[in-house]
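A.B. asks: starting from these lines, generate the structure:
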Amino acid sequence: MRLDRYDSYLTNFHAHVAEVRTDANGTWVRLDRSAFYPHAGGQPHDVGELEAAGARLRVIDVRAPADDEVWHLLDLDGATANATGLRPGTPVVGAIDWPRRWRHMQRHSAQHLLSAALIRVNAAFGTLAVSMRGPDCTIEIAGEFGEAHLAAVEAEANLVARRNLPIDAFEVDESRLGDYDLRRPSKVGGIVRLVAIGQYDIVACGGTHLRSTAEALPIKLLGYERVRGGNTRITFRAGVEALDDYGAKHAWVTHLGRLFSVPAGELRGRAERLLADLAAAKREAADWRERVATGLAEGLASTGSNPLVAVLEGADADLLTELMDACQKQAGCVALLGAANGGHAQLAFIAGPGAGVDVRPLLADALTALGGRGGGRADRAQGAAEADPGRVREVLEAVANGLRGGWTHVR
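C.D. replies: I've put the predicted structure just below:
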């Protein structure tokens with residue numbers, strides 16, 4: 001017997017073991033009656049405890065493969081289950097994890113309110129799918145949805161919730177479904193459980209629900225996104241989980257306001273100005289890095305040496321990319337570049353326009369000597385190895401000498 005269908009607020013109940021079985025997941029117990037809600041319809045299952053023969057056994061999963069058949073997965077192995085004396089006929093007392101159940105009820109009742117509010121804002125916004133597996137719940141709808149719709153739906157749902165409408169669950173035979181203006185057709189037949197929110201909404205549903213809409217407050221829509229098939233997925237929180245979200249965000253807003261010495265209402269403007277300043281500073285830094293790298297490249301070229309050899313160390317190692325770009329702009333230039341910092345080395349071999357040199361075999365030779373790996377194009381190849389600056393310079397000079405002398409592999 002499914003007690004949860006008749007009283008969502010029932011947290012303790014008496015029952016008897018009807019069947020015990022064990023599979024790869026553990027030990028499952030079927031009771032002759034249960035208030036545990038099984039996983040179904042987008043709502044997660046309950047957890048809690050079963051007390052039997054003085055032992056308190058944790059229920060960690062609940063499944064209902066048949067309409068009136070509820071199985072409870074216990075947090076113990078088969079041997080321990082036998083030791084507890086669990087067998088058909090054993091009396092048990094079940095206890096639901098109420099804080100978890102309460103959150104699930106707030107999520108589910110809020111979802112019904114939102115689904116009804118959505119079609120009142122726009123008849124095209126019918127609910128296609130829902131997920132209530134975590135605090136951030138979602139409703140997927142069809143139709144073109146935007147910020148104005150988001151605000152309108154949130155306002156509608158909270159307005160209805162504040163009216164403290166009763167939420168009633170009752171069962172009817174499928175032959176009577178035509179007597180009710182259901183929000184969507186029932187997916188089941190036979191005896192159908194309906195959930196009604198005053199005169200505002202009624203739909204077939206087997207989940208646990210609140211007694212009144214006010215208990216779902218506040219309902220907060222967190223945002224929306226376009227998903228497959230052109231549908232929209234709306235994310236929401238309800239009740240204590242919405243308050244948790246508000247509390248966390250309020251704490252961060254307060255902290256940031258103090259950090260930047262501005263009221264909360266001015267944080268957005270301050271953040272936008274800071275981002276603009278940061279973007280400008282990055283552009284200026286990139287310009288200076290390019291100038292410094294160009295100066296380095298020109299200084300190397302002024303020595304009259306070709307190929308050029310340079311090993312950047314410490315903070316200068318961050319200039320490797322800019323130095324590569326500067327060297328590659330110089331006609332006929334071949335540059336064997338390295339950057340070493342903290343025992344890690346990067347190599348970059350560059351051939352400028354008209355150089356007529358494929359730098360890939362040169363890089364392969366250097367990386368073989370250093371025990372590293374890499375690759376690239378004929379005019380621009382890169383690699384990495386674990387080596388100190390002295391060893392990198394030694395290998396690059398050997399490659400350069402080999403290239404000047406007609407190419408001799410380094411060791």
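A.B. asks: how distant is the top helix by length along the chain from the center of its chain?
C.D. replies: Within the chain, and with DSSP state H defining each element, the longest helix by residue count is helix 267-301. Between the centre of helix 267-301 and the centre of its chain there are 33 Å (Cα atoms, centre = their mean, to the nearest Å).
A.B. asks: show me what that helix is packed up against.
C.D. replies: Using 3 or more Cβ pairs under 8 Å, 6 or more residues apart in numbering; DSSP states H and E as the contact test, the elements touching helix 267-301 are helix 239-260, strand 308-313, helix 320-328. The way it works is simple: take the backbone N, C-alpha and C, and place the C-beta from them, glycine included.
A.B. asks: and of these, who's closest to A348?
C.D. replies: When the helices and strands packed on helix 267-301 are compared for distance to A348 using Cβ to Cβ, the nearest one is helix 320-328, at 4.9 Å.
A.B. asks: re earlier: so which of the helices and strands packed on helix 267-301 gets nearest L118?
C.D. replies: L118 lies closest to helix 239-260 among those, at 17.7 Å (Cβ to Cβ).
A.B. asks: contact partners of that closest one?
C.D. replies: The list of residues contacting helix 239-260 from outside it, by Cβ atoms under 8 Å, 6 or more residues apart in numbering, reads 102-103, 106-107, 110, 135, 215-220, 222, 237, 263-264, 267, 270.
A.B. asks: so D136 makes contact with T235?
C.D. replies: Yes - with contacts counted by Cβ atoms under 8 Å, D136 reaches T235, the gap being 5.4 Å.
A.B. asks: the helices in the protein, which residues?
C.D. replies: In the chain, helices defined by DSSP H lie at 78-84, 98-121, 147-162, 239-260, 267-301, 320-328, 360-370, 389-404, listed in chain order.
A.B. asks: give the buried residues for the fourth one.
C.D. replies: Put plainly, it is helix 239-260. Within helix 239-260, the residues scored as buried using 16 or more other Cβ atoms under 10 Å are 239, 241-242, 245, 257.
A.B. asks: what's the answer for the longest one, then?
C.D. replies: Of the residues in helix 267-301, those scored as buried under the neighbour-count criterion (16+ other Cβ under 10 Å) are 267, 270, 290, 293-294, 296-297, 300-301.
A.B. asks: what's the neighbour count on E322?
C.D. replies: Counted with other Cβ atoms under 10 Å, the burial measure for E322 works out to 19 neighbours.
A.B. asks: ignoring the adjacent residues along the chain, who's closest to it?
C.D. replies: Taking Cβ to Cβ, 6 or more residues apart in numbering as the measure, E322 lies nearest to A293, with 3.5 Å between them; neighbours along the chain are not counted.
A.B. asks: separation between the one you found and A326?
C.D. replies: Going from A293 to A326 by Cβ to Cβ, to the nearest Å gives 5 Å.
A.B. asks: what sits against the closest residue to T127 other than its chain neighbours?
C.D. replies: Taking Cβ to Cβ, 6+ apart as the measure, T127 lies nearest to S115, with 4.3 Å between them; neighbours along the chain are not counted. Contact partners of S115, counting by Cβ under 8 Å, 6+ apart, are 127, 130, 139, 183, 201, 203.
A.B. asks: out of these, which is most surrounded?
C.D. replies: Among those, I139 has the most neighbours (other Cβ under 10 Å), with 25 neighbours.
A.B. asks: dihedrals phi and psi, G143?
C.D. replies: phi 90, psi 160 (degrees, to the nearest 10).
A.B. asks: residue ranges with poor pLDDT in the protein?
C.D. replies: Counting by pLDDT under 70, the chain shows low-confidence ranges at 77-84, 406-411.
A.B. asks: quick check: the residue most central in space within it vs L221, distance?
C.D. replies: For the chain, the residue nearest the mean C-alpha position is D136 (10.4 Å; Cα atoms, centre = their mean). Distance check for D136 against L221: by Cβ to Cβ, it reads 11 Å.
A.B. asks: same check on A293?
C.D. replies: Computed with Cβ to Cβ, the distance linking A293 and L221 is 50 Å.
A.B. asks: same question, D379
C.D. replies: 54 Å.
A.B. asks: these two: which is more packed in?
C.D. replies: Between D379 and L221, counted using other Cβ under 10 Å, L221 has the larger neighbour count: 21 against 17.
A.B. asks: wait, doesn't the more buried one sit right on A152?
C.D. replies: No - the criterion here is Cβ under 8 Å, and L221 misses it with A152 at 10.1 Å.
A.B. asks: list residues touching both of these two?
C.D. replies: Contact criterion Cβ under 8 Å, 6+ apart; residues shared by L221 and A152: none found.
A.B. asks: between D136 and L221, which contacts overlap?
C.D. replies: Residues touching both D136 and L221 comprise 235-236, with contact defined as Cβ under 8 Å, 6+ apart.
A.B. asks: contacts only, for P307.
C.D. replies: Shown here is P307, whose contacts under the criterion Cβ under 8 Å, 6+ apart are 333-336, 400, 403-404.
A.B. asks: pretty sure K329 contacts G352?
C.D. replies: Yes - because the distance of 6.8 Å satisfies Cβ under 8 Å, K329 is recorded as touching G352.
A.B. asks: looking at those two, which one has more neighbours?
C.D. replies: When K329 is set against G352 and neighbours are counted by other Cβ under 10 Å, the residue ahead is G352, at 21 against 12.
A.B. asks: look up the closest residue to that one, ignoring the ones flanking it.
C.D. replies: In space, G352 comes closest to C333 once its chain neighbours are excluded; the distance is 3.7 Å by Cβ to Cβ, 6+ apart.
A.B. asks: quick one: the residue lying closest to H344 once chain neighbours are set aside and A66, what's the gap?
C.D. replies: In space, and not counting its chain neighbours, H344 is closest to E386: 6.2 Å by Cβ to Cβ, 6+ apart. As for E386, its distance to A66 is 62 Å (criterion: Cβ to Cβ).
A.B. asks: same question for E147.
C.D. replies: The gap separating E147 from A66 is 45 Å, by Cβ to Cβ.
A.B. asks: from A364, how far off is the nearest residue to A378 once chain neighbours are set aside?
C.D. replies: The shortest distance from A378 to any residue other than its chain neighbours is 4.4 Å, reached at D358 (Cβ to Cβ, 6+ apart). Going from D358 to A364 by Cβ to Cβ gives 11 Å.
A.B. asks: likewise A214?
C.D. replies: Taking Cβ to Cβ as the criterion, A214 is separated from A364 by 73 Å.
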